[in-house]
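> any chance you could fold what I've pasted below:
(one chain, ligands or ions: 2)
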Amino acid sequence: MTSSTVAQLLKQTTLQEVEVKGWVRTFRANRFIALNDGSTINNIQCVVDFENTDETLLKRITTGAAVHIKGDLIESQGQGQNVEIAVTSIEILGDSDADSYPIQPKKHSFEFLRDNAHLRTRTNTFSAVMRLRSSLSFAIHKYFNENGFYYMHTPIITGSDAEGAGEMFRVSTLDQKNPPLTETGEIDHSQNFFGKDTNLTVSGQLEAETYAMSLGKVYTFGPTFRAENSNTSRHLSEFWMIEPEVAFMDLAGNMDLAEDFMKSVISYVLEHNMDDLAFLDKRLTDEEKTKPQAQRSELSLIEKLKFVTENNFKRVSYTEAIDILRNSKPNKKKKFNYLINEWGADLQSEHERFLVEKHFKCPVILFDYPANIKAFYMRLNEDGKTVRAMDILFPGIGEIVGGSQREERLEVLKEKMAVLDIPEEELWWYLDLRKYGTAVHSGFGLGFERLVMFATGMSNIRDVIPYPRTPQNAEF
Ligand code: 4AD
Ligand code: MG
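Ligands and ions are numbered 1, 2, ... in the order given. Sure thing, here's the model as predicted:
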């Protein structure tokens, strides 16, 4: 007989002999094992005939132990489950020292669980989060596959800095204590592994653009790296980004695509992950109860997800947003840390969250930003001062998507690069796209962990990626 998963057994209606392997969550009254194997948030109850079980074996059934159970699937005698297993044999596959096992059957703080990230998926919360993470990534590939996109793998090591932000991790094999120097005393990167200075990529966009200009519709979904020293609950130094890029699509098309895509992947988990979502919904509701009334969310997790799938995102220009912010209560009462005085100000997350959570109370797409607060590759508008950029802002998250229509005019792009001191030699291939069959094209980047935060209701980005990398932290 082959083992079944707990998920299969809980759904099974034929009552017969079964086998299952998993980890003991709890063992009550020398009789009831709550067993979990990761296949579902739910445990299966396994009832041990303790009178006929060896006492030393009973002692080894401890929280965290790996066990192989054989028995009969029967209608449950107790409440809370339809079926349970009347155990006929139990084999301990791996003992667990009950005293030192970090994941005790009680509530642990997320900070404590971060320190034990290798074991935290043995809790309900983290197993639910990581199953949702897996499901969302499948839904993303499914969406693009069904909509005619090709999945491309963009390089992780790069010689160019896509965002021009200068916040990259250097990749080097040079002797760090004694690097070779040029005649002028600079580090001689011609002797480095790639014969040039290279970094971990901050985005796959520029390479994705090259493929969009031949394959039409493409996307990348890979790790990206940013060496910014921002220790916030929404920033990681290593995060995953989804970046579609589409030829012949303008900014309006880009917004339509982003909105349809976000709704589709959220609908997918509403359809396929209800057990986990119901658990996380309750968890969040309990957490909200500990907050002062004024800070509580009006909607539960599942309501928030449905709200996104059922309502149109509000599209607002940067200029309109500035007007709203300038006249807002927190601005007038000087409650914002950064006051909005004039057009051209960069928006901070406090402003984004005001717009989404207090003013519009729905996802917002902000577009047509001032050129000088956005990246060099964005399409300049006819007004000469704004670019066809768009950011999608989500409640509780702030910016979740950043994208734009790309500058397709060679001369305009070159001028922009000259102003920003971006050497043409470095991006000759990017400029080539504008020389040979250039066309309107657009794309965006979705921060995957921010999506997982939204879909799970987790408030710290460190809790939605298996092993978070943040300043001063690269454990595991
Ligand atoms: O707005 P960003 O920087 O845009 C780009 O990188 C473009 N090249 C995307 C494109 O047009 N193809 O980043 C995109 C998204 C942000 O909206 C945010 O969700 C996420 O990536 N993000 C981060 N997520 C976690 N930690 C960080 N440090 C992040 N920085 C950006
Ligand atoms: Mg951005």
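> drop to CA atoms for contacts and neighbour counts, all remaining ones
OK.
> residues touching the closest residue to Ser267 other than its chain neighbours, list them.
Distances taken as CA to CA, 6 or more residues apart in numbering put Thr309 closest to Ser267, at 6.5 Å, once the chain neighbours are dropped. Going by CA atoms under 8 Å, 6 or more residues apart in numbering, Thr309 touches 263-264, 266-267.
> helices - which of those land there?
The helices, defined by DSSP state H, take in 263-264, 266-267 from the contacts of Thr309.
> related to what we said a few turns ago, format the contacts of Thr309 as JSON lines; extra columns: pLDDT and distance to ligand 1.
Output for those, formatted as JSON lines (pLDDT from 0 to 100; distance: CA to the nearest ligand atom, whole Å):
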{"residue": "Lys263", "pLDDT": "98", "distance to ligand 1": "16"}
{"residue": "Ser264", "pLDDT": "98", "distance to ligand 1": "17"}
{"residue": "Ile266", "pLDDT": "98", "distance to ligand 1": "16"}
{"residue": "Ser267", "pLDDT": "98", "distance to ligand 1": "19"}
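> quick check: the residue of the stretch 201-350 of the chain nearest ligand 1.
His235 (3.5 Å; CA to the nearest ligand atom).
> element containing the residue nearest to Ser267?
If you go by DSSP states H and E, Thr309 is part of helix 301-310.
> contact residues of this structure facing ligand 1?
Listed as neighbours of ligand 1 in the chain under the rule CA under 6 Å from any ligand atom: 203, 205, 226, 234-237, 239, 241, 243, 399-404, 443-447, 450.
> just those: which are in strands?
Within those, residues falling in strands by DSSP state E are 239, 241, 243, 399-404, 443-447.
> which of the residues you listed are buried?
Buried subset of these (neighbour count, 16 or more other CA atoms under 10 Å): 239, 241, 243, 399-404, 443-447.
> now, the most widely separated pair of the residues you listed?
Using CA to CA, the two most remote members of these are Phe239 and Ser404, lying 20.3 Å apart.
> elements contacting the lowest-mean-pLDDT helix or strand in the chain?
For the chain, using mean pLDDT, DSSP states H and E, the weakest element among its helices and strands is helix 349-353, scoring a mean of 93. On a contact count with 3 or more CA pairs under 8 Å, 6 or more residues apart in numbering; DSSP states H and E, helix 349-353 meets strand 386-394, strand 398-405.
> quick one: residues in contact with the last one.
It stands for strand 398-405. For strand 398-405, the external contacting residues (CA under 8 Å, 6+ apart) are 249-251, 254, 349, 352-353, 356, 378-379, 388-394, 440-447, 450-451.
> separate out the buried members of the residues you listed.
249-251, 254, 352-353, 356, 378-379, 388-394, 440-447, 450-451.
> now pLDDT too, for the ones in strands among the residues of the chain next to ligand 1, in TSV please.
Converted to TSV, these look like this (pLDDT from 0 to 100):
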residue	pLDDT
Phe239	98
Met241	98
Glu243	98
Glu399	96
Ile400	97
Val401	98
Gly402	98
Gly403	98
Ser404	98
Gly443	98
Phe444	98
Gly445	98
Leu446	98
Gly447	98
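> hmm, back to that, tilt between whichever helix or strand comes after the least confident helix or strand of the chain and strand 398-405?
Note on helix 349-353: by DSSP H and E, the next helix or strand toward the C-terminus is strand 364-370. Interaxial angle, strand 364-370 versus strand 398-405 (axes from the mean of the first three to the mean of the last three CA atoms, to 10 degrees): 50 degrees.
> picking that back up, after the helix holding Thr309, which helix or strand is next?
strand 314-317.
> quick one: contacts of that following strand?
Under CA under 8 Å, 6+ apart, the answer for strand 314-317 is 360, 362-369.
> likewise stretch 198-218?
By CA under 8 Å, 6+ apart, the residues outside stretch 198-218 that reach it are 148-152, 154-163, 168-172, 219-220, 224-226, 241, 243-247, 430, 433, 438-439.
> what comes up buried for stretch 93-106?
Using 16+ other CA under 10 Å as the test for burial, stretch 93-106 gives 96, 103.
> what mean pLDDT does that stretch have?
Stretch 93-106 shows a mean pLDDT of 94.
> and it, how far apart are its ends?
24 Å (CA to CA, to the nearest Å).
> ok, now stretch 87-107?
By CA to CA, the extent of stretch 87-107 from end to end equals 29 Å.
> hmm, who's touching it?
With contact meaning CA under 8 Å, 6+ apart, stretch 87-107 is reached by 25-26, 46-49, 60-72, 116, 119-120, 122-123.
> now, the residues you listed that are in helices?
Applying DSSP H to the contacts of stretch 87-107, no entry is found in helices.
> those residues in strands, which ones?
Under the assignment DSSP E, the contacts of stretch 87-107 contribute 25-26, 46-47, 66-72 to strands.
> Glu238 bridge partners, please.
Glu238 forms beta bridges with Phe225, as assigned by DSSP bridges.
> using JSON lines, lay out the ones in strands among the contacts of stretch 87-107 together with neighbour count, distance to Ala128 and pLDDT.
Formatted as JSON lines, these follow (neighbours: other CA atoms under 10 Å; distance: CA to CA, whole Å; pLDDT from 0 to 100):
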{"residue": "Arg25", "neighbour count": "23", "distance to Ala128": "15", "pLDDT": "97"}
{"residue": "Thr26", "neighbour count": "19", "distance to Ala128": "18", "pLDDT": "96"}
{"residue": "Cys46", "neighbour count": "26", "distance to Ala128": "22", "pLDDT": "97"}
{"residue": "Val47", "neighbour count": "21", "distance to Ala128": "25", "pLDDT": "97"}
{"residue": "Ala66", "neighbour count": "22", "distance to Ala128": "20", "pLDDT": "98"}
{"residue": "Val67", "neighbour count": "21", "distance to Ala128": "22", "pLDDT": "98"}
{"residue": "His68", "neighbour count": "16", "distance to Ala128": "23", "pLDDT": "98"}
{"residue": "Ile69", "neighbour count": "24", "distance to Ala128": "24", "pLDDT": "98"}
{"residue": "Lys70", "neighbour count": "21", "distance to Ala128": "26", "pLDDT": "98"}
{"residue": "Gly71", "neighbour count": "20", "distance to Ala128": "27", "pLDDT": "98"}
{"residue": "Asp72", "neighbour count": "19", "distance to Ala128": "28", "pLDDT": "97"}
